[in-house]
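> What follows is a protein structure lacking sequence information:
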């Protein structure tokens, strides 16, 4: 899969919708042990949801990790520094595929990132091992690889016009595991584990809002692969846009984007 180049401005165009699952995830994380928690956010992006951690734990030292220079630049400018509760928020480069904690953490959290990390469940043992007793590992991932916005994208990329440049670079259909697989993996690591799914019905507004949404996330590998050929990129977007218009019709109040997500909160047993 092509390593996507991220666009913070495009990603943040739907910031409120994208932040809601993270808030729902944090609502199920219990109170953390000890004072001044140490927290890691894997795949922090532009830092807007990482800042929500400081609202929940105002005295915490929180580090957001990401492998996108563009996202980290935005996070540094907009969110880095001391927090009003006496904590600190900072950001650093790291890749979730290889990141190994170098210190104990009270909470390791990841928001809409692990679907980009092949073999991510194999990383859980290292991350849980870094938690102190009563610490938590919590994540949410999009669980909608079978939704039209993905199936249409993959189908178009596999057509004769595009297959040489795009086939095989998009998210794999097995990029997210079943809820039961996550529960089993985390429970076997000595965690009390809560796993659930939620389907959000996002009401989007504006012209071609589903295309605008996916340009910030799932379409990034294709946009990156076609970045050196603007004519081809625009042609692909036009074809994909027309398919999305049929799959997600507009109503008088907006366009509904059903979006299923999978959540897990694992608390290390004391």
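Received, thanks. Bear in mind the structure is a predicted one, so any value in this text is a computation, not a measurement.
> quick one: the strands in the stretch 101-250 of the chain?
If DSSP state E, counting those that start in this stretch is used as the criterion, the strands of the stretch 101-250 of the chain fall at 105-111, 131-142, 191-204, 250-251.
> correct me, but residue 72 touches residue 93?
Yes - proximity of residue 72 to residue 93 meets the contact threshold set by Cβ atoms under 8 Å, at 6.3 Å. Placement of C-beta: from N, CA and C, glycine included.
> Those two: which is more packed in?
Shown here are residue 72 and residue 93; by other Cβ atoms under 10 Å, residue 72 has more neighbours (24 against 10).
> And the more buried one, how far from residue 18?
The span separating residue 72 from residue 18 equals 18 Å under the rule Cβ to Cβ, to the nearest Å.
> same deal with residue 113?
Residue 113 sits 12 Å away from residue 18 when distances are taken as Cβ to Cβ.
> re the thing from before, among the strands of the stretch 101-250 of the chain, which is nearest residue 224?
strand 131-142 (18.5 Å; Cβ to Cβ).
> mind listing what the closest one pairs with, with the direction of each?
According to DSSP bridges, the neighbouring strands of strand 131-142, each with its direction, are strand 105-111 (parallel), strand 254-268 (antiparallel).
> list the helices and strands the lowest-mean-pLDDT helix or strand in the chain packs on?
Least confident element among the helices and strands of the chain, by mean pLDDT, DSSP states H and E: helix 163-166 (a mean of 93). Taking 3 or more Cβ pairs under 8 Å, 6 or more residues apart in numbering; DSSP states H and E as the contact definition, the neighbouring helices and strands of helix 163-166 are helix 220-225.
> Please enumerate residues in contact with the helix it packs on?
With Cβ atoms under 8 Å, 6 or more residues apart in numbering as the contact definition, helix 220-225 has outside contacts at 1-7, 153, 157, 165-166, 169-171, 215, 233, 236.
> Now do the helices in this structure.
Counting by DSSP state H, the chain has helices at residues 8-11, 15-26, 50-56, 69-79, 124-129, 148-157, 163-166, 179-188, 209-214, 220-225, 230-247.
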